[in-house]
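Novice: this one's sequence-less:
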């Protein structure tokens, strides 16, 4: 039986591409209209895993998803980096001069702002996701609308690629997390996602970061989010990487003395960027 993966968006979205890259072709994707819905599917046991975008090299961190990680407390068991290549998709036979409207996910639109600025005559509309906009054009036979989406979406929904690689920055990558209800021990884990709070004293956060530095543990990301309803208090989310397990274990023991509400969100194998 295929494993069930909840994704935000529809078939052929970048989330599905990330799921296939991590789990292989033999999966059943559960299409969800929002990231919260993907979490509900996992919580209710209707999905085995969630694939969730957490940051993009151009648009930055997807902050609402950090709130979902905090609220649902799922375990991170892996990560996927996906090179995101955006294309202009249309119904077969549609030409550039026929286009009146371009529709896509807000982040995809932002990634292609240079290309779009060359066409001020187009109306830009935000949609729920890239592949969903491609699907809509295909199903509704929209001859004056183009979608910004991936090559996989063009293939699945029978659309032509009018312009390839229209993203402004060609080094455009998205990082996805693999979430699970249960802790799944990853042999050879060399990366972890942690969350914690610190006191308000001078140097409180610096003391925590020093613990990692002293043990040769590399801090690859730090993100702060306000604690809801508590002024001047923040949750810190950090990703750390190590070469020796003993260094990481020692760093965690030290960090525990300087933090409150400390949580290991997941220990997993680092996915090298492609």
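Specialist: Arrived safely. What you are looking at is a predicted structure, and each value in this text was computed from that prediction instead of being measured.
Novice: switch to C-alpha atoms for all contacts and neighbour counts from now on
Specialist: Noted.
Novice: All the strands of the stretch 1-150 of the chain, in order from the start?
Specialist: Secondary structure of the stretch 1-150 of the chain (DSSP state E, counting those that start in this stretch): strands at 3-8, 27-32, 49-56, 60-61, 75-83, 87-90, 101-104, 123-126, 145-149.
Novice: Report the rounded mean pLDDT for the fifth one.
Specialist: Right, strand 75-83. Strand 75-83 shows a mean pLDDT of 97.
Novice: ok, now the shortest one?
Specialist: Averaged across strand 60-61, pLDDT comes to 90.
Novice: just the first one next, same as before
Specialist: Along strand 3-8, the predicted confidence averages to a pLDDT of 97.
Novice: Run the chain-centre distance for it.
Specialist: 14 Å (Cα atoms, centre = their mean, to the nearest Å).
Novice: List the neighbouring strands of it plus their orientation.
Specialist: strand 27-32 (parallel), strand 49-56 (parallel) (DSSP bridges).
Novice: Check what contacts that strand and list those residues.
Specialist: Here strand 3-8 makes contact (Cα atoms under 8 Å, 6 or more residues apart in numbering) with 15-16, 19, 26-35, 37-39, 41-42, 46-52.
Novice: thinking again about what came up before, pick the most deeply packed of the strands paired with strand 3-8.
Specialist: strand 49-56 (a mean of 24; mean count of other Cα atoms under 10 Å).
Novice: From the chain's centroid, how far away is it?
Specialist: 3 Å.
Novice: now swap in stretch 264-274 and tell me
Specialist: Worked out by Cα atoms, centre = their mean, stretch 264-274 lies 13 Å from the chain centre.
Novice: Report the buried residues of it.
Specialist: Using 16 or more other Cα atoms under 10 Å as the test for burial, stretch 264-274 gives 265-270.
Novice: tell me the contacts of the residue nearest in space to the middle of the chain?
Specialist: Against the mean C-alpha coordinate of the chain, by Cα atoms, centre = their mean, the closest residue is residue 53 at 1.1 Å. Each residue near residue 53 by Cα under 8 Å, 6+ apart is listed here: 15, 62, 65, 174-177.
Novice: Bridged to it, which residues?
Specialist: Beta-bridge partners of residue 53, as defined by DSSP bridges: residue 176.
Novice: any idea how far it is from residue 127?
Specialist: 17 Å (Cα to Cα, to the nearest Å).
Novice: which one of the strands of the stretch 1-150 of the chain is the most hemmed in?
Specialist: The highest mean neighbour count among these, using mean count of other Cα under 10 Å, belongs to strand 145-149: a mean of 30.
Novice: Strand partners (parallel or antiparallel) of that one?
Specialist: strand 87-90 (antiparallel), strand 101-104 (parallel).
Novice: which residues touch the last one?
Specialist: Residues external to strand 101-104 that are found in contact with it (Cα under 8 Å, 6+ apart): 122-130, 133, 144-149.
Novice: just the first one next, same as before
Specialist: Outside strand 87-90, the residues within contact range by Cα under 8 Å, 6+ apart are 134, 137, 143, 145-151, 154, 159-167.
Novice: let's see 7 Å
Specialist: For strand 87-90, contacts defined as Cα atoms under 7 Å, 6 or more residues apart in numbering pick out 145-151, 154, 159-166.
Novice: Out of the buried residues of stretch 264-274, list just those in strands.
Specialist: 265-268 (DSSP state E).
Novice: Can you tell me which of those residues is nearest residue 78?
Specialist: residue 268 (5.3 Å; Cα to Cα).
Novice: So what pairs up with the closest one in the strands?
Specialist: The partner residues for residue 268, given DSSP bridges, come to residue 191.
Novice: how close does it get to residue 31?
Specialist: Relative to residue 31, and taking Cα to Cα, residue 268 is found at 26 Å.
Novice: Thought residue 189 was touching residue 241, still the case?
Specialist: No. Checked against Cα atoms under 7 Å, the pair residue 241 and residue 189 is beyond contact range at 9.1 Å.
Novice: Looking at the two, which is more packed in?
Specialist: Neighbour count, other Cα atoms under 10 Å: between residue 241 and residue 189, residue 241 has more, with 23 against 18.
Novice: Contacts only, for that one.
Specialist: 190-192, 217-220.
Novice: so what's the closest residue in space to it that isn't next to it in sequence up against?
Specialist: In space, and not counting its chain neighbours, residue 241 is closest to residue 191: 4.4 Å by Cα to Cα, 6 or more residues apart in numbering. Counting by Cα under 7 Å, 6+ apart, residue 191 makes contact with 240-242, 267-270.
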